[in-house]
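Engineer: build me a structure from this.
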Amino acid sequence: MVARLVVQTVLWLASMGVLLFGAAGTLAWPAAWWYLIELGALSLWTGLWLARRDPGLLAERLAPFVQKQQSRWDRFFMAAVACVWCGWLVVMGLDAMRFRASAPLPVALVSLGSLCVLVSIVMCRFVFAANSYAAPVVKIQASRGHKVIDSGPYAYVRHPMYSAALLFFVGTPLLLGSRWGLAFVPAMALGLGWRAVREERLLAEQLDGYTGYMARVRYRFIPLIW
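Structural biologist: As a prediction, this is how the structure comes out:
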């Protein structure tokens, strides 16, 4: 399992590097190198922790993003996510380095971006500690005894993983110095919101106790907002 984690992490980072540096037209992009190093280190830190604490969840996290058990709409969503993700990286490489369309961001904002990435991954670790069923795809994990989780971050919002993702979406273009990358964030947030609503419909229909959980925890992503 650990070997698989390392291989998938390296391949994931390598593919991101190809998109970022290929679009940038240069390897002389310190912010992108730092982004990949930070993301890789945090991903391995979380993955190795999961390998010890919850290997079943790690197996789910390493599984393909398109699975037979998924709802059809979620398969299309994940395929769209892959396309948007690749396009986003290319746009940021073109914007920040090749064409330098964005004016350089202040060091404080770049540092804030790095901090956002760090905090988002730490938030994910808290999610994994609370929820052993936090698979990347929407499905009922009956074979693993899927049940409603209402502790930890789930006591405050219904989708804390998506809350962490929003922070990651903001942090990435800040760290890479791309204002055009930031322009993608509202659309990406809307996509997460659409998925959250569809996911809740499925869970309310198929997972005992989820309707009651929705009544107890009112907010999806951000307390007092939505």
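
Engineer: for residue 49, give its distance to residue 6.
Structural biologist: From residue 49 over to residue 6 the distance is 14 Å, taken as C-beta to C-beta, to the nearest Å. Any C-beta I mention is one placed from the backbone N, CA and C, and that applies to glycine too.

Engineer: from what I see, residue 50 and residue 60 are in contact.
Structural biologist: No - assessed by C-beta atoms under 8 Å, residue 50 is found out of contact with residue 60, at 9.8 Å.

Engineer: more crowded one of the two?
Structural biologist: residue 50 (23 against 20; other C-beta atoms under 10 Å).

Engineer: next one: phi and psi at the more buried one?
Structural biologist: The phi/psi pair for residue 50 (degrees, to the nearest 10) reads phi -60, psi -40.

Engineer: relative to residue 36, how far out is the residue nearest to it when sequence neighbours are not counted?
Structural biologist: Distances taken as C-beta to C-beta, 6 or more residues apart in numbering place residue 58 nearest to residue 50, at 4.1 Å, with adjacent residues excluded. With the distance defined as C-beta to C-beta, residue 58 ends up 22 Å from residue 36.

Engineer: kindly report the same for residue 81.
Structural biologist: In terms of C-beta to C-beta, residue 81 sits 20 Å off from residue 36.

Engineer: could you point out which element follows the strand or helix carrying residue 41?
Structural biologist: For residue 41, the element it lies in under DSSP states H and E is helix 30-53. Using DSSP H and E, the next helix or strand after helix 30-53 towards the C-terminus is helix 55-62.

Engineer: show the average pLDDT along that following helix.
Structural biologist: Per-residue pLDDT values over helix 55-62 give a mean of 95.

Engineer: stretch 9-20 now?
Structural biologist: In this model, stretch 9-20 has a mean pLDDT of 98.

Engineer: same check, this time on stretch 213-223
Structural biologist: The model assigns stretch 213-223 a mean pLDDT of 97.

Engineer: pull the contacting residues for the nearest residue to residue 217 once chain neighbours are set aside.
Structural biologist: Spatial nearest neighbour of residue 217, excluding adjacent residues (C-beta to C-beta, 6+ apart): residue 158 at 5.3 Å. Residue 158 sits next to 196, 200, 213-214, 217, 219-220 when contact means C-beta atoms under 8 Å, 6 or more residues apart in numbering.

Engineer: which parts of this structure are strands?
Structural biologist: For the chain, applying DSSP state E gives no strands.

Engineer: point out where the chain drops to low pLDDT.
Structural biologist: For the chain, no stretch is flagged by pLDDT under 70.

Engineer: state the distance from the closest residue to residue 210 other than its chain neighbours to residue 25.
Structural biologist: Spatial nearest neighbour of residue 210, excluding adjacent residues (C-beta to C-beta, 6+ apart): residue 203 at 4.3 Å. Residue 203 is 45 Å from residue 25, where distance means C-beta to C-beta.
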